[in-house]
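S.K.: sequence plus predicted model, see below.
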Amino acid sequence: MKKQIEIVLSPDNFNDKETLYKAAAVKLNISAEEISAVQQLRRSIDGRSKNPVFRITAEVYVGELPEEYKKIEYIPVKNKKGNKIIIVGCGPAGMFAALRLIELGIKPIIIERGKDVQARRKDLRAIQQDHIVNPDSNYCFGEGGAGTYSDGKLYTRSTKRGDVKKILKIFFQHGATQDILVDAHPHIGSNKLPNVVKEMRETILKCGGEIHFDSRVTGFILDDKRMKGVIVNEKEEYTGNSVILATGHSARDIYYLLHKCNIKIEPKPFAIGVRIEHPQALINEIQYHSKNKNPNLPAASYTLACNVEGRGVYSFCMCPGGIIVPTATVPGEIVVNGMSLSRRDSPFANSGFVVSVNENDWVKYKDDFPFSGLKLQQEIEKHSFELANKTQSAPAQKITDFVAGKVTQTLPATSYIPGLTSAPLHKELPGFVTNGLKKALEIFNKKMRGYFSEEAIIVATESRTSSPVRIPRDRETYMHVEIAGLFPSGEGAGYAGGIVSAALDGENCADAAANFILQGS
């Protein structure tokens, strides 16, 4: 017999097997000795009352055992027919596309402009400590993509796009903890995800795939309206049956290259704002209703959203127990993002705090179509760099001063390693951003009493929430609307918003590209 139930446990004993079995027995009105196994399916924290609890959805087995976890068996590609697909980008969309192609018996060839996950560390130190930005190796570019060193959050609402559980199981199979299969908001951590990415690379290589690092795409090989391959580093040619383009939301040179080749792209709405940072202890107190957090409870998180004069204003990529990191991809710009290590034990909490951007906001760049939104994004990032005295010491302001229209004299401590520069962001951010953030702070403080605090600061600029450009594709075939054999994928194409949704999109594009081959290209 197998029954699915919900169990409520206190933080003191939620991880105790005996307590779990006893709670399940009470729920089913049987003795604990009759239970042969309890398998947790989902675990979340309910902090609505003064005493937070864990809510666990579980399957209880009586007289039988659950099936053993079955790994996906990746078989080396024999490639008898010579089929191969070029994948541009080794982020989640690209890596999961490659793994899916191996399942389908097709050879993937990944072209990645950045370095492997270990070699990237040197360039991350350079931007953190020396304010030097490597345009090909940074927090956004390199093996594993932007998510590898900026958190590894695996929560997604994109459940209709594909098998989310399969994506999580692939991460688990390559070294992530089993908790990600259960937690309502699964998270690997930027200290552990690099090893998971490395293991995924090894699977791809062992099964006959190729991965070429330090290989920036500088041209496309086109035969009329058919994509045949790519040119790398101005000289090397890689050809295949089709190309999956999974370059991430910051590969601006790819957008310009597509436009130069008369391949259709279009502007799309995105969001711009800041990172907001609080002491983690304050967020814990607000969310858990106590100054003394139970040690078994994780660092508290939040999700906030509202509408201000027709615009969405919302928190984005919230990092409990995290740090703010510099994520510019070219010199002369400042971009910030957030990350957490697996233990989420930093004394700070940070989150994107952004306002939606639409075509009315980039009207002064209308002559730069289809790069109008991208131009606005660049303008704001460059201005932040000027405010920071042309360093990566990001411009910042207390939120109380931001609302009051005052310059912050003394900034509180921060997690941001390159340091902060006090700046009057209430005047320097675009008017629609300032207006949206100010009004949202009042609304958010009603939802989370204490959120508007002297201890909280805003750090500019959070501007890469998504791509300001979309590469249009057919809904059914996933293929570009005009170019046969080109499959735009992931965040950079405008079809994903996080690690899991990008991975799902990569798998879907791999299936579509394989089907394209089977139909005779």
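M.R.: Noted; the coordinates are in hand. Numbering: from 1, shown residues only.
S.K.: tell me what the longest helix seen in the chain is packed against?
M.R.: Ranked by residue count and defined by DSSP state H, the top helix of the chain is helix 499-518. Applying 3 or more C-beta pairs under 8 Å, 6 or more residues apart in numbering; DSSP states H and E, one finds that helix 499-518 contacts strand 84-88, helix 92-103, helix 164-173, strand 242-245, strand 486-488, helix 490-493. For every residue, glycine as well, the C-beta is placed using N, CA and C.
S.K.: for the ones you listed, which one sits closest to Gly405?
M.R.: helix 490-493 (35.4 Å; C-beta to C-beta).
S.K.: hmm, who's touching the closest one?
M.R.: Contact with helix 490-493 is made by 89, 91-94, 146, 245-251, 254, 466-467, 470-471, 473, 496-498, 502, 505-506, as judged by C-beta atoms under 8 Å, 6 or more residues apart in numbering.
S.K.: confirm that Ala281 sits in a helix.
M.R.: Yes: counting by DSSP: H, G, I helix; E, B strand; the rest coil, Ala281 is found in a helix.
S.K.: what's around it, how many residues?
M.R.: Other residues near Ala281 come to 16 when the count uses other C-beta atoms under 10 Å.
S.K.: which residues does the residue lying closest to it once chain neighbours are set aside contact?
M.R.: In space, and not counting its chain neighbours, Ala281 is closest to Pro347: 7.1 Å by C-beta to C-beta, 6 or more residues apart in numbering. Counting by C-beta under 8 Å, 6+ apart, Pro347 touches Pro279, Gln280, Ala281, Gly321, Ser415.
S.K.: before we move on, the earlier item: now the helices and strands packed on helix 499-518 as JSON lines including distance to Ile204, mean neighbour count and mean pLDDT?
M.R.: Shown next, in JSON lines, are these (distance: least, C-beta to C-beta, whole Å; neighbours: other C-beta atoms under 10 Å; pLDDT from 0 to 100):
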{"stretch": "strand 84-88", "distance to Ile204": "10", "mean neighbour count": "27", "mean pLDDT": "97"}
{"stretch": "helix 92-103", "distance to Ile204": "5", "mean neighbour count": "28", "mean pLDDT": "98"}
{"stretch": "helix 164-173", "distance to Ile204": "12", "mean neighbour count": "19", "mean pLDDT": "96"}
{"stretch": "strand 242-245", "distance to Ile204": "14", "mean neighbour count": "28", "mean pLDDT": "98"}
{"stretch": "strand 486-488", "distance to Ile204": "18", "mean neighbour count": "28", "mean pLDDT": "98"}
{"stretch": "helix 490-493", "distance to Ile204": "17", "mean neighbour count": "31", "mean pLDDT": "96"}
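S.K.: need the ones you listed in JSON lines (columns: distance to Met227).
M.R.: What follows is these, written out as JSON lines (distance: least, C-beta to C-beta, whole Å):
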{"stretch": "strand 84-88", "distance to Met227": "9"}
{"stretch": "helix 92-103", "distance to Met227": "15"}
{"stretch": "helix 164-173", "distance to Met227": "27"}
{"stretch": "strand 242-245", "distance to Met227": "5"}
{"stretch": "strand 486-488", "distance to Met227": "4"}
{"stretch": "helix 490-493", "distance to Met227": "14"}
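S.K.: looking at the ones you listed, which is closest to Lys439?
M.R.: So among the helices and strands packed on helix 499-518, helix 490-493 is nearest, using C-beta to C-beta, at 28.5 Å.
S.K.: pull the distance from the closest one to the chain's centre.
M.R.: 11 Å (C-alpha atoms, centre = their mean, to the nearest Å).
S.K.: likewise for stretch 493-502?
M.R.: On C-alpha atoms, centre = their mean, the centre of stretch 493-502 falls 8 Å from that of its chain.
S.K.: just the C-alphas of that stretch, formatted as CSV.
M.R.: The C-alpha trace of stretch 493-502 is given here as CSV (Å, rounded to 0.1, in the frame of the first residue of the first chain):
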residue,chain,number,x,y,z
ALA,A,493,17.0,34.2,-26.9
GLY,A,494,14.3,35.7,-24.6
TYR,A,495,12.7,32.4,-23.7
ALA,A,496,13.8,31.6,-20.1
GLY,A,497,14.4,33.2,-16.8
GLY,A,498,16.6,31.1,-14.6
ILE,A,499,18.7,27.9,-14.5
VAL,A,500,15.8,25.4,-14.6
SER,A,501,13.7,27.2,-17.3
ALA,A,502,16.9,27.6,-19.4
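S.K.: list the buried ones in stretch 463-483?
M.R.: Neighbour-count burial for stretch 463-483 flags 463-471, 473, 477-480, 483 (criterion: 16 or more other C-beta atoms under 10 Å).
S.K.: which residue ranges of the stretch 1-150 of the chain form strands?
M.R.: 2-9, 35-46, 53-62, 84-88, 107-111 (DSSP state E, counting those that start in this stretch).
S.K.: which strands and helices lie in contact with the longest one?
M.R.: Yep, that's strand 35-46 we're talking about. Partner elements for strand 35-46 (3+ C-beta pairs under 8 Å, 6+ apart): helix 17-28, strand 53-62.
S.K.: quick one: mean pLDDT over the longest helix of the chain.
M.R.: Mean per-residue pLDDT for helix 499-518: 96.
S.K.: with stretch 218-235 instead?
M.R.: Here the average pLDDT along stretch 218-235 is 96.
S.K.: who touches it?
M.R.: Here stretch 218-235 has contacts from 86, 88, 111, 212, 214-217, 237-240, 242-243, 257-258, 261, 263, 480, 482-486, using C-beta under 8 Å, 6+ apart.
S.K.: 7 Å - rerun?
M.R.: 86, 88, 111, 215-217, 237-240, 242-243, 261, 482-486 (C-beta atoms under 7 Å, 6 or more residues apart in numbering).
S.K.: please apply the same query to stretch 443-459.
M.R.: 274-279, 282, 286, 302, 304, 306, 324, 336, 353, 394, 396-400, 402, 411-412, 414, 416, 420, 425, 441.
S.K.: and that stretch, how far apart are its ends?
M.R.: 20 Å (C-alpha to C-alpha, to the nearest Å).
S.K.: what residue spans form the domains of this structure?
M.R.: 2-62, 84-265+471-518, 268-462 (automatic domain parsing).
S.K.: now render these as JSON lines, adding distance to Glu73.
M.R.: Shown next, in JSON lines, are the domains of the chain (distance: least, C-beta to C-beta, whole Å):
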{"stretch": "domain 2-62", "distance to Glu73": "23"}
{"stretch": "domain 84-265+471-518", "distance to Glu73": "9"}
{"stretch": "domain 268-462", "distance to Glu73": "28"}
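S.K.: which stretches in the stretch 151-300 of the chain count as helices?
M.R.: Ranges of helices within the stretch 151-300 of the chain are 164-173, 193-206, 252-260, 280-288, based on DSSP state H, counting those that start in this stretch.
S.K.: figure out which of those helices is closest to Glu67.
M.R.: helix 164-173 (13.1 Å).
S.K.: now Val232. Nearest residue, chain neighbours left out?
M.R.: Sequence neighbours aside, Ser215 is the residue nearest to Val232 in space, at 4.6 Å (criterion: C-beta to C-beta, 6+ apart).
S.K.: how about the helices of the stretch 151-300 of the chain in TSV, adding distance to Ile106?
M.R.: As requested, the helices of the stretch 151-300 of the chain are arranged in TSV below (distance: least, C-beta to C-beta, whole Å):
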stretch	distance to Ile106
helix 164-173	17
helix 193-206	12
helix 252-260	23
helix 280-288	46
